[in-house]
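*Asks:* Structure of the sequence below:
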Amino acid sequence: MSLNNGQTLTSGGQDLTRSSSSRAPWEDARMVLKPSTPTRKPKPPNPENAVTIAVSSRVLFNMEREQQIYEQQGMEEYIKYQVEHETEPFSPGPAFSFVKALEAVNTQLRELYPESEELFDVVLMTNNHAYVGLRLINTINHHQLFIERFCMTGGNSPIGYLKAYHTNLYLSADSAKVREALEEGIAAATMFTPEKMKEVSETQLRVAFDGDAVLFSDESERIFKAHGLDKFFEHEKAHENKPLDHGPLKCFLEALGKLQKKFYGKGQRMDCPIRTYLVTARSAASSGTRALKTLRSWGLEIDEALFLAGAPKGPMLEKIRPHIFFDDQMFHVEGAAELGTVACHVPYGIAQRVARKGNKDKETSSPLK
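*Replies:* Predicted structure coming up:
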């Protein structure tokens, strides 16, 4: 979305730029708002100590109707519609349950470590105009979300702000912005919306990762793409004691692990509210050893490892019911989404270049509706 400044806004049929009063336009807009602001919110953690998750407004909330207005009628009508409906909250989007799970973990961390700032911190990162921010704030208060940090860039790309916010993970519906973030060395993924999302746990955050080109580099996948499965197995056997290089989401798994250890330190390993999964197409006996040894060499733990030997991932994810699943191949993302899993595409590695050879580049397809 590309929004510009200085547009004519309307609210209740009145042109806000031609108000007969002496108030500024945004003061007139504020008069139609009656937000219900939650009280006694906990203090946000220092960004330097927190695990920061940046989410776009289009993945946190369902803004499909608004996006259609922007694409079909233009930016002025888009902002006009938002102002006219700013007391109507958006419905939850695909990232909503994930964010609620982050907040549930924070509640338990604050109980165990009242003074600690090692918590999840959610930042709403959007290129929306600031006028739309009124509706976003009203929606956040309506759903009783704890999101205090906003970045509304008025049409400019928000990517440049991610490092300033010490972002550990960026989630967006815009694949171009996700690629830009990855190029800046920031863990990022394009989030897709299943037609019908599965119910997920309200007390335990569950995060599922693919291995190659997500947690790990695409080194082994390059061998497979270039030389086939047999050469891939030979390569993995010959290098099983050599750790793979890190992939784009290794740092996010590492951040999750640090918070898990805080629960372990209180004797809650078996009741930890964060659970991680490796869901990979690798075979356990033929190529699983290197994956597990790589994680061990990094000092990282994974709670459950599922080696599917090429079988579809969707049915297994349906049983796990993660809040979020990351994969570098759209085939697996689509398969997961078809069965109700909120899946994210990580456009990284050799699989993306192979996809571009076809007439249709799946990695750039629109988020599933």
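
*Asks:* separation between the closest residue to Tyr81 other than its chain neighbours and Met75?
*Replies:* Spatial nearest neighbour of Tyr81, excluding adjacent residues (Cβ to Cβ, 6 or more residues apart in numbering): Ile69 at 5.3 Å. The C-beta positions use only the backbone N, C-alpha and C, and glycine is treated the same way. Counting by Cβ to Cβ, to the nearest Å, the separation of Ile69 from Met75 is 10 Å.

*Asks:* Helix, strand or coil: sort out the residue nearest to Tyr81 for me.
*Replies:* The three-state label given to Ile69 by DSSP: H, G, I helix; E, B strand; the rest coil is helix.

*Asks:* Over to Ala291?
*Replies:* Quick answer, by three-state DSSP: Ala291 is helix.

*Asks:* and Phe90, what pLDDT?
*Replies:* pLDDT recorded at Phe90 is 96.

*Asks:* ditto for Gly133
*Replies:* Per the predicted model, pLDDT is 89 at Gly133.

*Asks:* Repeat that for the one 5 residues further on.
*Replies:* Asn138 carries a pLDDT score of 94 in this model.

*Asks:* likewise Ala355?
*Replies:* Confidence score, pLDDT, at Ala355: 58.

*Asks:* again with Pro42
*Replies:* For Pro42, the predicted pLDDT is 78.

*Asks:* Tell me the buried residues in the host helix or strand of Thr107?
*Replies:* Assigned by DSSP states H and E, Thr107 belongs to helix 96-112. Applying a neighbour-count criterion of 16 or more other Cβ atoms under 10 Å, the buried positions in helix 96-112 are 96-106, 108-109.

*Asks:* Then stretch 192-201?
*Replies:* Phe192, Thr193, Pro194, Met197, Val200.

*Asks:* Then stretch 47-61?
*Replies:* Under 16+ other Cβ under 10 Å, the buried positions of stretch 47-61 are 47, 50-61.

*Asks:* Now secondary structure too, for these, in JSON lines please.
*Replies:* Converted to JSON lines, the buried residues of stretch 47-61 look like this (three-state DSSP):
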{"residue": "Pro47", "secondary structure": "coil"}
{"residue": "Ala50", "secondary structure": "coil"}
{"residue": "Val51", "secondary structure": "strand"}
{"residue": "Thr52", "secondary structure": "strand"}
{"residue": "Ile53", "secondary structure": "strand"}
{"residue": "Ala54", "secondary structure": "strand"}
{"residue": "Val55", "secondary structure": "strand"}
{"residue": "Ser56", "secondary structure": "coil"}
{"residue": "Ser57", "secondary structure": "helix"}
{"residue": "Arg58", "secondary structure": "helix"}
{"residue": "Val59", "secondary structure": "helix"}
{"residue": "Leu60", "secondary structure": "helix"}
{"residue": "Phe61", "secondary structure": "strand"}
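
*Asks:* Turn those residues into TSV, columns for pLDDT.
*Replies:* Shown next, in TSV, are those (pLDDT from 0 to 100):
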residue	pLDDT
Pro47	82
Ala50	95
Val51	97
Thr52	97
Ile53	98
Ala54	98
Val55	98
Ser56	96
Ser57	95
Arg58	94
Val59	97
Leu60	97
Phe61	97
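
*Asks:* Make JSON lines out of those residues and add distance to Gly228.
*Replies:* Formatted as JSON lines, these follow (distance: Cβ to Cβ, whole Å):
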{"residue": "Pro47", "distance to Gly228": "46"}
{"residue": "Ala50", "distance to Gly228": "44"}
{"residue": "Val51", "distance to Gly228": "40"}
{"residue": "Thr52", "distance to Gly228": "41"}
{"residue": "Ile53", "distance to Gly228": "39"}
{"residue": "Ala54", "distance to Gly228": "39"}
{"residue": "Val55", "distance to Gly228": "39"}
{"residue": "Ser56", "distance to Gly228": "39"}
{"residue": "Ser57", "distance to Gly228": "44"}
{"residue": "Arg58", "distance to Gly228": "40"}
{"residue": "Val59", "distance to Gly228": "37"}
{"residue": "Leu60", "distance to Gly228": "42"}
{"residue": "Phe61", "distance to Gly228": "44"}
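
*Asks:* Which one of the residues you listed is nearest to Arg275?
*Replies:* Val51 (15.6 Å; Cβ to Cβ).

*Asks:* In this protein, which residue is most central in space?
*Replies:* Leu171 (3.0 Å; Cα atoms, centre = their mean).

*Asks:* can you pull the contacts of that one?
*Replies:* Going by Cβ atoms under 8 Å, 6 or more residues apart in numbering, Leu171 touches Ile53, Ala54, Val55, Ser56, Val59, Ala95, Phe98, Ala188, Ala189, Met191, Cys344.

*Asks:* host element of it?
*Replies:* strand 167-172.

*Asks:* Please identify the buried residues of that strand?
*Replies:* Under 16+ other Cβ under 10 Å, the buried positions of strand 167-172 are Thr167, Asn168, Leu169, Tyr170, Leu171, Ser172.

*Asks:* same question, stretch 260-273
*Replies:* Gln260, Lys262, Phe263, Cys272, Pro273.

*Asks:* My read is that the third one contacts Ile274, right?
*Replies:* Spelled out, that is Phe263. Yes - with contact defined as Cβ atoms under 8 Å, Phe263 reaches Ile274; the gap is 7.3 Å.

*Asks:* which residues of the chain fall in strands?
*Replies:* 10-11, 14-15, 51-55, 61-62, 91-92, 120-126, 149-152, 167-172, 188-191, 205-209, 274-280, 304-307, 324-327, 343-345 (DSSP state E).

*Asks:* For the contacts of Leu171, could you give me TSV that also reports distance to His246?
*Replies:* As requested, the contacts of Leu171 are exported to TSV (distance: Cβ to Cβ, whole Å):
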residue	distance to His246
Ile53	19
Ala54	20
Val55	23
Ser56	25
Val59	25
Ala95	24
Phe98	23
Ala188	15
Ala189	16
Met191	22
Cys344	18
